[in-house]
Each structure stands twice: as structure tokens, then as C-alpha cells.
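>>> need a structure here:
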Amino acid sequence: MSKKKSTFMQSMIAVLWAFLGVRKKSGLQDDVASLSFIHIIIAGVVGALIFMGVLLLIVKVVVSH
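The predicted structure is shown next:
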């Protein structure tokens with residue numbers, strides 16, 4: 001089996017699916033076989049920062065009204 005090269009966008013998509021908690025087992029196995037560990041770490045940090053930013057924005061909007 002050849003190991004295909006993954007992109008950062010594929011890692012971001014995998015992390016977003018993980019945030020939602022919805023993933024097929026076959027998709028998870030494909031991700032484990034092809035995604036870069038460094039890409040996953042960076043995508044997780046970026047995803048967490050975006051999530052926190054959205055939450056802070058929602059809180060600011062609600063509190064300001």
C-alpha cells in the first residue's frame with residue numbers, strides 16, 4: 001500500500017470533523033494512514049483558536065445589547 005501525501009486542508013477538514021464528533025470509521029482509518037502529525041497539531045490549534053474567537057465574538061455581541 002502506498003502512502004499518499006496529505007495536504008494541510010485535508011488535515012483541517014479531519015480536525016473539523018473531529019470537533020463535530022461525526023466521522024465514519026473508514027474515513028478515520030484513511031486519515032490515520034495519510035495525514036501528517038504536524039499538520040494535525042497545527043490544524044487543531046488553528047481550529048481551537050477559531051472556535052474561541054467565535055465564542056468571544058458571540059459573548060461580546062450578546063453582552064453589548
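
>>> got a pLDDT number for residue 57?
At residue 57, the pLDDT value in this model is 97.

>>> Can you say which helix or strand has it in it?
Here residue 57 sits within helix 37-64, counting by DSSP states H and E.

>>> same for that helix, what does it pack against?
helix 8-20 (3 or more CB pairs under 8 Å, 6 or more residues apart in numbering; DSSP states H and E). Every residue, glycine included, has its C-beta placed from N, CA and C.

>>> Buried residues, the helix it packs on. List them.
Neighbour counts using 16 or more other CB atoms under 10 Å place 10-12, 14-15, 18 of helix 8-20 among the buried residues.

>>> of those, closest to residue 52?
Comparing the buried residues of helix 8-20 against residue 52 with CB to CB places residue 15 closest, at 14.4 Å.

>>> For the residue lying closest to the closest one once chain neighbours are set aside, give its distance to residue 13.
In space, and not counting its chain neighbours, residue 15 is closest to residue 43: 4.3 Å by CB to CB, 6 or more residues apart in numbering. Separation of residue 43 from residue 13 (CB to CB, to the nearest Å) stands at 9 Å.

>>> coming back round to it: residues contacting the residue nearest to residue 15?
Residues in contact with residue 43, defined by CB atoms under 8 Å, 6 or more residues apart in numbering, are 8, 11-12, 14-15.

>>> go with 6 Å
Residue 43 is in contact with 11-12, 15, counting by CB atoms under 6 Å, 6 or more residues apart in numbering.
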